[in-house]
Each structure stands twice: as C-alpha cells, then as structure tokens.
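Asks: Predicted model follows, preceded by the sequence.
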Amino acid sequence: MGILDLMVALGYSLARMLVAYIISVLLALLVGTAMARNKLIEAVTLPILDILQSIPILGFFPVVLVFFVGNLPKPFGLEASAVFLIITSLVWNMIFGVYASIKSLDPSIFDMAQVYSFGPASKFFYIYTPASKSALLANTLVSWAGGWFFLTSAEVISLGEEEYKLRGIGTFILESFNSGDYISFYMGIGGLILTILLTYIILWNPAIVFLWNLPLLNIKIVYEKLSSIVSMLWNFIKEVFIFIEKKITVPKVFSKAIGLFFAVFILYYLLNSFAGLLSSDIYDVALNFARELPTSLFHVSLILIISFLLSLGISYATYKSREMGYIFTLSGELLASIPAIIWWPLLAQIALASSLGPYLVSLIVLLQGAAWYLFFNIIIFGLSNIRREHEELAQVYKIKGWYFVRTIFLPSIFPAVASGLLSAWGGAWNATVVAEYVVLSGRTFDMGGVGALLNRYTVEGKTTEVALTALLLSLVIVIINKMVWSRIFSRISSGYTGE
Amino acid sequence: MQPVISVRNVVKTFKEGGKALLVLDGITFDIGEEFVAILGPSGCGKTTLLRIIAGLEKADSGEIVFTHKDAQIGFVFQSPTLLPWMTVLENVALPLRVRGTSWREAEEKARKYLSLVGLQSFENFYPRELSGGMKQRVNIARALAIEPLILLMDEPFSQLDPLTAESLRSEVLDMWQWGVTSVRTIVMVTHNVDEAIFMADRLVIFTARPAKVAAIIPVEIPRPRDRRSPEFQKIEDKVYEYISA
C-alpha cells in the first residue's frame, strides 16, 4: 500500500472525526442549554447522561450498527454508525460543560433577557453560546483524544460472520499489519501520529492558550485564520436565525407537538428493543456476566490507582516546571489519542513475548483510556485553583517539599481530581472492551472480564446478548456511582471548595 | 391624574419549605406621569412588586393595568447585568437588535444614550474594564435606549459607593427633569428613605411582610432639594413614623 492510499485513509478518518466533532458541538449546545433552562428536561436528562457517560458505549456498538445498517442504505449506514460511535466518545463531557456554564450564569441575566423580550434564538446566540465557549474548548482537549482512541474500533467491525471495513487509517494500519506489510504499518502509525499532533498544535492548543495560560505547544497562524472564517460563518447563521425569529413566530402548540412526537418515537424503539431482550436467555447471560465481572472490576480498580498516582506526579511536575509541562501535555494529547486497537500491533513484541505479555499490553491500553482524563482535568481545572495568596503564604512561611504538597497543592486540586477520577472511571470501563480481548495476526488474546465477554458475543453475532450484557454492566456501574462516587463528591464539595 | 400604571389588589405568595409565605397582601395604587419611589423595610416585597410590573413574575391574583397597551418598559437592575463577552456599545444595542432593529441603527441609538450617561468614549470597552459606577451607567443607558415610556429601577444605587451613588442620582434626576429621554414614568424601589425623598414626586410606603400600602406621601419640594431644609426633615420624620409603626 502506497503513500496515496495512506493519505486517502487519513483523509477519511479525519473527515469522520471532524463531522463527529461538529455534530457533537451542536448537540452539546442544544442539549446542554435545554437541560440548564428547562426543569423537566433537566430532571429527565441529567440521570440519563450520568449513566451514558460512565457506561461502556462501545459495548452497545453492535446494536447501534444493526440499527443503522438495517434502517439506512448500507454504505451510508456503516458511515453513520462509525460517526455515531465517535460522537459517543466526544459528546458527554461537552454537554456537561455547556450545562454547567449556563447554570452558573448570574440569574439576573435571564431576567434581563426576559425584560427585553429576547426570543429563543436571541438567547441561544447572544447568551448561551458565548457563555459556553470556554467550557466547550476545555472539554475538546480531552474529547478529541477520546475520539481518536475509539476511531479505529468504529472502522473495523466484525459482527458474527460478517466483517465490515470502512476506509480509514485504522483499517489501513490493521490490514498492513495482518498482511505482514510492516513498512506500510509503520508509515500508517507515523501518519496517524503526525495528524493527531498537528490537529492539536495548530488547532486546539492555540484555541485554549487564547483563554488560559497553559503550557501547551502551539502555532497560532492557522488557528487565527480558521477561527475568523468559522466566526464569520457562525455570525451569518446567527443573523439568519435572528432575522427569521423576528419574522415568524412559531406557535407553542407546534413545538410541543414536535417534542411529543419524538418522545413517542423513542419510547416505541425502547419498548421494541426491550421486548427483544426478554426473548433471549436472560439467566444464562446474567450468569456469564456475574462470572466475568470481578475480573473487570479488578482491572478497572488497578488502573484507577495507577492513573491517580501517575497523574498526581506529572501534574506536580507540570506545576513546578513549565518546560516539563509542555512535554507532558503534548505526550498526553498524543498517547490518549493513539487508537486502542493500534496499541496491540504496536506492542506486539511485548504481547507475544511471554504469557504475561498480553496482560501488560492490556493494562497499557486501559491506562491510555483512563489516566489522561484525570491529568487534563487536573491541569485545566485544578492548577488554576491554586491561589496566588496561598503560594505567597507558602513562600513567607517557607512551606516546602512534601509539606507544601500535602497542605496546599493537594487540597487545592482535590475537586478537579475527584471529577477527573470519575471521568477516568468511565473511560476505563469503556476501554475494557478494547483492552480485554483482541485478535492479533490470527491469534486471539482473551484476558477475561466483561469487556472480553462482550467481544465473544459480538464475534458469535449474538447482538441481543451483547445488549443485555452491556445493560447489566451499566446497571452495576450506576449502582457503584450512586454508592461510592456520589459520597466522595459530597464529602469533597463540603470540605475543599470555597473559602 | 391620568394613570399610566394601575396596580389592582395584587396578591403574591412564595412557597418556602412547604409553607406558603404571603408577601404582597392586596396592593392597590395608581402611578401617573411621575417619579414614584416604593419604600419599605428589607424583604417586604417591594422588588417582587416591581418584578410583577415588569412581567418577570406573575401575581397570584389581582392585576397590573397599563393605560397604553404597547408601552415599552425599561428596567434598571440592581447589579449591572451586562454580558461579559460584549462591548459596552453591543450591550446597550442588543435589546434593540433583538427587537428587529438593524445593528447599524441599534448602535447609533446606543451611542446617543451612552453619551447621555457620559460614556461616549468607552463604547469599545468590555464590562470587566469598567468601574462599578460606569457599569451601572451602561445598565441605565441600555434601559433608556429602547426609548421606554416607563422606567423601572430596582435599588439602582444600592451597590455603589456613596460618592458615585450621589452623582449618579443627580444625573438621573437631571435627565428626568429636562425631559431628554422618552421616559414619562419612573418607578424606583429603595430602602433608602433619604434617597426616596431626594428624588421622587410621591412615596408609596409598604409595611413589613406581608406588605400592604401603609401610606402614600407626596413630596412637593422644588428640585434641587436640600436635605437639610425643614420641609425635607418633616417628610423624613413622617416616613419613619410609618415605617417603624
């Protein structure tokens, strides 16, 4: 496979990422705003999103695939499901970012909008969107990596007998590895790394450096040009909507009818698929699930502990030295982005070397899917929480070393560590699907665990069992969230925030 | 007197911890083309009434009748409530733009009212670059720019330092007296007795919660008013009598 094939493959993957990103931004703005401004939508959506962001969406993927391929023309259905999968790894934290930004606005701003009779479009474009901009960007840093991490899983899908392949860099790399074409394999990886680094250095890093003074390697020129084009486009859309809003008033009944239609539509599909689940052998699936759960729980807990220690270490180094910061942030952006499936052929030497090899690689993959959430949460939201006056206090009273870490550094970043850990926890579960089971050059590595179980069912083409297992896992995760995480959060918010 | 706003038997309760808390207990009075100050102890429901007049809240019963059905209402908020991502000019022009005026026209009008409050050279500044008094001036300019008939002010000077507050009071009074704006009726909520007597034509005094109208006192002292004059003192004594009763 030649250079041209590589470029085309990269183009396809990048286009998929961009489409998914744009849809995610719009989705985050609409859903986040609706949640923040409508009590009913907030009450319904908040718990659902809470679940969605912490369950392994990847586990549900075969179900999504069957849905899209069944309802759309095949090539379009495959693309749609790939983009859908990428969206699911981008969008949740972005929605929460928008929601939190609008929630934290001064309530008198909403009074102002009402007194001066702002319509829905005016509020959306003049208040909600600008208010959410910085939260959207901050979350992009993590989301973009998450998108790449799962990109390739969306490009190569086997469902029972059938194997679907989409043109893209993931397929390119895997195919060249499996056919023994190592030159193409390394070229593919090089091209992918270059693309990932480039998108960060010329796009996201400069965008974020405009808002926060973080140690992120960046080149501003492309971003400046692009952002002026994007804001011109956005302004045009804005003016069109404001114009339409003044000319046409949509009766309330109409918007209510649309809402009702969608609610009925979604309910119908949910009931339908639920009926499908009941027809399978629930007892058998539940037994398998219970057998595999402890293994995954062990994997995820171990990864969380390693992530915690690692992130604290490199966050402190970033805080202490800006130069180190540049290195860590850029390697973080890259490592978090390298697709899960690529790690396996890349570390094939280790994986094939001994019986412990696969476990080591599996842990490395899991770590990439979890640790960076924590690291970026700490450096974006945590380090800015360390107050100037506390640093001066430490200087005046010569509080140094471990004592400084314990009394000032850790307590200041704790709220960010907690929310980062929650993201890492969700990320780790999602990563189990790609870390516990893999087929490499015809050999199957099965580390056990729920992620592996999901893969086994997928390979056998048992979509219903896949959905049921993913559902059970979601249930367990939600229970743990409610019992463990919510307690940790309430303790932290009462002890470490505010004055 | 031809009323501009008629407040008719307005009742409002708030629910707090399962208990219903009566805030406004049958408020009735008329407001004409004049400067009315609503005065009362903190937490008595003055601001709630102003919010009901502005349409920000609904009364449980009773009604607000506007003689001019399509009368525009400007609102000066207690805190400036400016959008941090827009310049001073854009902030003032925005309500006009939202009403369908073109940006060019809206900005022209915004400039006019910014110069009226003395901020013509600050139009390209962002709110964070302004002092508290300047931000409150922008708040006032924004309310005037939609050229309202009625101007509602919710403790507009309470968050400013005493010197800034005093000069802003005089500026608002000047604009009011010289008729350079479209405003014919001002309703101001305050708990500052001195400020109310200094500025208003009539004082509507509320009792403590649940609020009723305790008294309506006309202030017939020619402007500019001298706070140390015996007439001023007399009215002040009278007001305190009602408030402490």
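Replies: Cool, the structure landed. Numbers count the residues shown, from 1 in each chain, chains lettered A, B, ... in the order given.
Asks: List of residues touching the lengthiest helix in chain B?
Replies: When chain B is parsed with DSSP state H, its longest helix is helix B:162-178. Helix B:162-178 is touched from outside by B:35, B:116-118, B:131-133, B:136-137, B:140, B:144, B:156-158, B:160, B:181, B:183, B:186, B:195, B:198-199, B:223-224, with contacts defined as C-beta atoms under 8 Å, 6 or more residues apart in numbering or on different chains. In short, each C-beta sits where N, CA and C put it, glycine included.
Asks: Restricted to strands, list those.
Replies: When those are checked against strands (DSSP state E), the matches are B:35, B:186.
Asks: So which of the contacts of helix B:162-178 reach chain A?
Replies: Among the contacts of helix B:162-178, not one lies near chain A by C-beta under 8 Å from any C-beta of the partner chain.
Asks: Separate out the buried members of the contacts of helix B:162-178.
Replies: The neighbour count (16 or more other C-beta atoms under 10 Å in any protein chain shown) marks B:35, B:116-117, B:133, B:136-137, B:140, B:144, B:156-157, B:160, B:181, B:183, B:186, B:195, B:198-199 as buried among the contacts of helix B:162-178.
Asks: what residues does chain A put near chain B?
Replies: Going by C-beta under 8 Å from any C-beta, the residues of chain A near chain B are A:106, A:108-109, A:111-112, A:114-119, A:122, A:126-127, A:130-131, A:133, A:242, A:246.
Asks: Only whichever of those are buried, select them in PyMOL.
Replies: Restricted to buried positions by 16+ other C-beta under 10 Å, the PyMOL selection for the residues of chain A next to chain B reads:
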select buried, chain A and resi 108+109+111+112+114+115+116+118+119+122+126+127+131+133+242+246
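Asks: and the spatially most central residue of chain B, which of the three is it?
Replies: By C-alpha atoms, centre = their mean, chain B has its centre lying nearest to B:Met153, at 1.4 Å. Of the three states, B:Met153 takes strand according to DSSP: H, G, I helix; E, B strand; the rest coil.
Asks: mind pulling up the phi and psi values for B:Thr13?
Replies: The phi/psi pair for B:Thr13 (degrees, to the nearest 10) reads phi -120, psi 150.
Asks: what do you get for the one 4 residues further on?
Replies: According to degrees, to the nearest 10, the main-chain angles of B:Gly17 amount to phi 60, psi 40.
Asks: same question for the regular element (helix or strand) spanning A:Glu389, mean pLDDT?
Replies: Following DSSP states H and E, the helix or strand that holds A:Glu389 is helix A:388-396. The pLDDT scores in helix A:388-396 average 85.
Asks: ok, now which ones touch residue 41?
Replies: Picked chain A for this. Taking C-beta under 8 Å, 6+ apart as the test, what A:Ile41 contacts is A:34-35.
Asks: please go with chain B instead
Replies: B:Pro41 sits next to B:191, B:206, B:208, B:243 when contact means C-beta under 8 Å, 6+ apart.
Asks: isn't there a helix covering A:Ser355?
Replies: No - counting by three-state DSSP, A:Ser355 falls outside a helix, being coil.
Asks: Number of residues surrounding it?
Replies: Close neighbours of A:Ser355, defined as other C-beta atoms under 10 Å in any protein chain shown, add up to 6.
Asks: Please tell me how far it sits from A:Ile341.
Replies: Using C-beta to C-beta, to the nearest Å, A:Ser355 is found at 22 Å from A:Ile341.
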